[in-house]
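1. sharing a sequence plus its predicted fold:
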Amino acid sequence: MFDTLQDLSIKLKATGYFIDPLMTRIVFLAAKLQKPLLLEGPAGSGKTQLAVSVAQAAHTHIERLQCYRGVTEDKAIGRFDLRRF
């Protein structure tokens, strides 16, 4: 996905997203370890834009789940019917 920190930084800049070195390192490690990056913050702080930019830089897409009080697994992703498989 991203070979080096510099590779990630260049690819993010190409999407128009400018990121500080610490956050670049965090995103890079999450990608290398194939672990999710959970972002928390107030509305408008850039969480979704970071996800969109990383997805563009990686030539992939994102699935965005809007979380709020009262959302259960059933409401968020639906029921999975094991009998079909």
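-> Happy to help now that I have it.

2. what's the spacing between the residue nearest the centre of the chain and residue 13?
-> Geometric centre of the chain, nearest residue: residue 51, 3.7 Å, by C-alpha atoms, centre = their mean. Here residue 51 is placed at a distance of 17 Å from residue 13 (C-beta to C-beta, to the nearest Å). Just so you know, the C-beta spots here come from the backbone N, C-alpha and C atoms, and that holds for glycine as well.

3. same deal with residue 34?
-> 23 Å.

4. what's in contact with stretch 39-59?
-> 1-2, 8, 11-12, 14-17, 19, 23, 27, 31, 61-62, 64 (C-beta atoms under 8 Å, 6 or more residues apart in numbering).

5. 6 Å instead?
-> 1, 11-12, 15, 17, 27, 61-62 (C-beta atoms under 6 Å, 6 or more residues apart in numbering).

6. again with stretch 70-82
-> Stretch 70-82 has contacts (C-beta under 6 Å, 6+ apart) with residue 65.

7. in it, which residues are buried?
-> For stretch 70-82, the buried set under the neighbour-count rule, 16 or more other C-beta atoms under 10 Å, is empty.

8. before we move on, back to that, now the residue nearest to the centre of the chain: which helix or strand?
-> Assessed by DSSP states H and E, residue 51 sits inside helix 47-57.

9. C-terminal to that helix, what's the next element?
-> Criterion used, DSSP H and E; the element after helix 47-57 is helix 73-77.

10. next up, phi/psi of residue 31, please.
-> phi -70, psi -40 (degrees, to the nearest 10).

11. burial of the closest residue to it other than its chain neighbours, as a residue count?
-> Distances taken as C-beta to C-beta, 6 or more residues apart in numbering place residue 1 nearest to residue 31, at 5.1 Å, with adjacent residues excluded. Neighbour count for residue 1, taken as other C-beta atoms under 10 Å: 14.
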